[in-house]
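> structure of the sequence below:
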Amino acid sequence: MTHRVLKWLMLLALVLLIVSFISFWFRGPSFRDKDVVLEIEGPTQAIVGEEVVYKLKYSNDTKIDLKNLKFTFYYPAESVVIKNGVVQSDLTDKFEVDSLSSGQKEEREFRAFMVGDRGDIKDAKVNLSFKAGTLTSSFEKQFKLSTTIVSVPVAITLVSPPNIVPGQTVSYILDYRNESAGPIADLLFEFDYPDGFAPKEFSPNPDEGQNKWRLPSLRKGGGGRITIQGKLDGVEGETKSVSVMLKRKIDNQYIDFEKASSVSVVSNALLEVGILVNDSRNYVANPGDTLNYSIDYKNTSTTTFSDINLSVKLDGEMLDLSTLDTKGGFFDSSTRTIIWNSSNTSNFSNFSPNTRGSVKFSVKLKSSSSLEGSNTLFVRSTAKLSTPNVPENVDGREVSATANLVTNITSQPTLTQLIYYNDPNFGSNGPLPPEVGKETVFTIHWQITNPGNDLNDARMTATLPAGVTWKNVFSSNLNLHDPAFNKNSSEVSWGVVTLPHGVGTSMPKYELAFQVTIKPSTADKDRVMDLIKDVKLVGVDSVTKQNIVVRASNMTTSDLVDRPGEGTVK
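From the prediction side, this is the model:
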């Protein structure tokens with residue numbers, strides 16, 4: 001009987017526990033994500049340049065408090081936001097709210113000037129992250145409002161050729177007209193040209209640089225045209241985009257107002273030209289080298305051209321033009337240009353499709369002594385193949401192709417090694433000729449000259465032979481790094497780090513002096529002892545990226561500057 005009662009009591013306790021849990025769960029405060037309200041109120045249509053006001057509204061319609069609310073408001077792309085008279089570069093606005101009580105509602109305003117073109121859709125967005133009551137999870141909500149630009153105060157149309165060939169002269173034409181209800185003052189057109197475009201002619205001329213035109217006032221219904229001409233280079237299939245931003249002065253600063261753009265696609269070139277020097281585009285030259293140039297050309301179109309001209313302009317202080325061999329071309333010394341045309345190249349008078357050919361010339365570089373004071377350790381050749389006979393379906397006043405080749409010049413540093421018995425700065429110590437069982441001190445000097453490019457990661461190393469001791473006495477000029485000695489490998493190292501162009505020419509040499517000692521044994525008697533070996537300077541040419549190694553000869557006790565030939569041990 002007692003067992004049965006105990007069993008029923010345990011069952012009753014379990015039922016009461018379940019009922020208590022359910023009561024707590026369903027009678028306590030509940031949370032539903034959809035009851036956190038987040039929205040943006042603003043216009044669904046707008047006019048370019050007008051100030052748009054967005055109202056961000058948020059409320060807590062749940063039964064529990066919200067905490068750690070973090071808002072990020074995103075202004076529409078390209079819009080202009082001005083705060084305290086300053087145009088903001090960041091088109092986001094962030095703020096935090098510590099808590100939002102149940103039933104509480106709040107709102108904030110955000111203002112921006114709308115920028116774009118007619119038909120553009122501009123989105124304003126907001127992201128919210130928060131926590132609810134005692135729940136450990138974080139929650140997120142988002143909202144987006146789209147606004148369509150329905151009209152523009154100033155209608156702007158930018159036109160570019162849909163297709164161009166590399167090197168072709170192109171025209172960009174901007175037409176504008178005031179379509180607003182009244183005059184507009186203080187306007188500025190600013191162009192953004194594509195890569196490879198070189199403007200040459202303008203109508204009218206720009207007011208600032210090569211890409212800015214000012215309009216102090218534009219009357220109602222008034223308009224005008226801006227034309228820009230120049231050459232555009234690119235590779236086949238590449239898209240070239242030109243754009244213009246119309247800016248308006250507000251609070252004494254020009255802000256973006258309207259934008260227009262146009263795209264051209266690079267088509268297959270009608271002509272091709274290429275340059276090689278010594279059969280390579282990556283040849284690294286040394287002073288005194290002969291540069292053998294080859295200019296290859298081809299008609300890649302379906303048109304037969306006449307009056308073809310090929311020119312190559314030569315630039316660089318290291319070119320010795322007195323050695324120039326044009327091999328039939330005409331050299332204009334005033335412009336440093338070699339010219340080939342139909343008078344000296346037969347196929348240039350009737351240049352039919354798929355015709356190809358080449359011309360050659362050679363020129364020597366000046367000697368390394370000419371590097372002193374030179375800051376242009378390279379030479380450049382620029383080739384242009386052109387004709388004024390333009391096919392009907394091609395814009396521009398000529399068809400042309402260009403190619404450039406820059407040839408870097410490297411010149412190895414010079415390493416000089418000197419050894420003294422009686423050094424002017426250190427004096428002398430010990431007998432000379434050396435004697436068995438007695439110490440003699442020698443002073444070794446390393447001098448570095450660099451007429452060429454900067455040498456990065458530069459380092460001098462050498463090995464002291466057996467019987468030679470590092471004395472740890474040294475000095476260097478120009479506050480250079482101290483040398484180091486590794487006892488295990490008997491290696492002397494001197495980290496120069498960077499060896500600049502002009503060391504030893506336009507500025508003092510880099511010099512290190514250090515002392516070593518010898519104490520000859522009986523086995524050394526009647527012979528000359530080695531003092532230093534495996535001497536080398538290593539580094540990386542900063543322009544050519546070549547690994548440079550300059551070596552110096554091994555030196556003995558008889559290779560002294562002040563007492564030559566007296567190094568035989570007695």
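> okay, and the beta partners of the nearest residue in space to Tyr420 that is not next to it in sequence?
Nearest non-adjacent residue to Tyr420, counting by C-beta to C-beta, 6 or more residues apart in numbering: Thr443, 4.7 Å away. In short, each C-beta sits where N, CA and C put it, glycine included. Thr443 has the following beta-bridge partners by DSSP bridges: Tyr420, Gln515.
> ok, now which ones touch Tyr172?
158-160, 191, 227-229, 242, 262 (C-beta atoms under 8 Å, 6 or more residues apart in numbering).
> what helix or strand is it located in?
strand 168-178 (DSSP states H and E).
> can you list the neighbours in contact with the following helix or strand past that strand?
Scanning forward in sequence from strand 168-178 by DSSP H and E, the next helix or strand is strand 184-192. With contacts defined as C-beta under 8 Å, 6+ apart, strand 184-192 is touched by 153-154, 172, 174, 176, 178, 211-218, 226, 228, 242-249, 254, 257.
> what residues does the helix or strand that strand 184-192 is followed by touch?
Using DSSP H and E, the next helix or strand after strand 184-192 towards the C-terminus is strand 197-203. The contact list for strand 197-203, computed with C-beta under 8 Å, 6+ apart, reads 169-170, 193, 210-211, 225-233, 240, 242.
> how about stretch 544-557?
With C-beta under 8 Å, 6+ apart, stretch 544-557 has contacts from 284, 408, 410, 412-417, 419, 433-434, 440, 442, 444, 453, 455, 518, 528-541, 567-569.
> which residues touch Thr335?
Applying C-beta under 8 Å, 6+ apart, we find Thr335 in contact with Lys313.
> same check on the one 10 residues further on?
Residues in contact with Thr345 (C-beta under 8 Å, 6+ apart) are 308, 310, 328, 357, 359.
> got it, and Asp296?
272-276, 356-358.
> one more: Val359?
Taking C-beta under 8 Å, 6+ apart, we find Val359 in contact with 294-295, 297, 310, 327-329, 340, 345.
> those in strands, which ones?
294-295, 297, 310, 340 (DSSP state E).
> among these, name the buried ones.
295, 297, 310, 340 (16 or more other C-beta atoms under 10 Å).
> partner residues bridging the second one?
In this structure, Tyr297 has the following beta-bridge partners (DSSP bridges): Val273, Gly357.
> that one reaches Gly357, doesn't it?
Yes: using C-beta atoms under 8 Å, Tyr297 is in contact with Gly357, at 5.9 Å.
> helices along this protein, start to end?
2-27 (DSSP state H).
> tell me, what residue is most central in it?
Centrality entry for the chain: nearest residue to the mean C-alpha point is Asp195, 14.0 Å, by C-alpha atoms, centre = their mean.
> gap between that one and Gln229?
When distance is defined by C-beta to C-beta, to the nearest Å, Asp195 is 18 Å away from Gln229.
> what's the answer for Val273, then?
22 Å.
> between those two, which one's more packed in?
Neighbours per residue, other C-beta atoms under 10 Å: of Val273 and Gln229, the larger number sits with Val273, 21 against 16.
> and the more buried one, how far is that from Leu310?
7 Å.
> quick check: neighbours shared by the two?
By C-beta under 8 Å, 6+ apart, the residues touching both Val273 and Leu310 are 295, 297, 383-385.
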